[in-house]
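> Sequence first, predicted coordinates after that:
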Amino acid sequence: MNAPHSTAMIPDPRAAPAPPAWHFKLFYDGQCPFCLREIAWLRRRDRDGRLAFEDIAAPGFDAVAYGATRDELLGVMHGVFPDGRVVRRLAAFRAAYREVGLGWLLAPTGWPLLRHVFDAAYTVFARHRARLGRLAGRECWQGACEASRGDAPDRSEASGPRG
């Protein structure tokens, strides 16, 4: 007797991996109340699942996989596109907001005449977020916000895939 034929497909190990379901991944510090509040806000608005979030404070997180150090990622907001392009600072927020349909809110932060002003303001905020959090009654847990104060070297705003 012949065995019945199966209709299940065996995946071809040489086939390219399926692209991720997300369109943009935002890295965040899961021990920072400011970060958690922003991520919760974005999650509520991400009805189509276009965003992914990765906690850089989670055990086992590997910053090197993204061509960065943990301190660089703690210093300023970072995000990555599925093709490996990394964006930093306000460019990461602009990309995330675009994915949830609110890109217009942050569009002025990227306009040529205003971009430098907003980038400078964000750098000051990132550097002093622990102090600002204390003033607002939002302490960073376990000193996480003190780990880096936004002093990471400013490479380019966007970079290609890392290997």
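Nice, I can see it.

> all strands for the protein, in order.
Along the chain, the segments classed as strands by DSSP state E run 24-28, 51-55, 78-80, 86-88, 158-159.

> which one of those strands is the most hemmed in?
strand 78-80 (a mean of 25; mean count of other CB atoms under 10 Å). Using the backbone N, CA and C atoms, a C-beta is placed for each residue, glycine as well.

> Just the helices from this structure, written as ranges.
33-45, 70-75, 90-99, 103-106, 112-127, 129-135 (DSSP state H).

> how about the ones you listed in a markdown table, adding mean pLDDT?
Shown next, in a markdown table, are these (pLDDT from 0 to 100):
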| stretch | mean pLDDT |
| --- | --- |
| helix 33-45 | 88 |
| helix 70-75 | 85 |
| helix 90-99 | 94 |
| helix 103-106 | 92 |
| helix 112-127 | 89 |
| helix 129-135 | 63 |
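
> Next, format those as a markdown table and append distance to W22.
What follows is the helices of the chain, written out as a markdown table (distance: least, CB to CB, whole Å):
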| stretch | distance to W22 |
| --- | --- |
| helix 33-45 | 12 |
| helix 70-75 | 18 |
| helix 90-99 | 8 |
| helix 103-106 | 16 |
| helix 112-127 | 24 |
| helix 129-135 | 26 |
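
> how about TSV for these, with distance to D55 and mean neighbour count added?
Output for the helices of the chain, formatted as TSV (distance: least, CB to CB, whole Å; neighbours: other CB atoms under 10 Å):
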stretch	distance to D55	mean neighbour count
helix 33-45	9	15
helix 70-75	11	20
helix 90-99	15	21
helix 103-106	22	13
helix 112-127	18	14
helix 129-135	17	15
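
> still on that earlier bit, least confident of the strands of the chain, on average?
Among the strands of the chain, strand 158-159 carries the lowest mean pLDDT, a mean of 42.

> Was I right to think G103 contacts R94?
Yes - the pair G103 / R94 is scored as a contact, 6.6 Å apart, by CB atoms under 8 Å.

> L90 contacts A120, doesn't it?
No - the criterion here is CB under 8 Å, and L90 misses it with A120 at 10.4 Å.

> Present the strands of the chain as CSV; the columns should include distance to T69.
Output for the strands of the chain, formatted as CSV (distance: least, CB to CB, whole Å):
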stretch, distance to T69
strand 24-28, 12
strand 51-55, 15
strand 78-80, 11
strand 86-88, 13
strand 158-159, 14
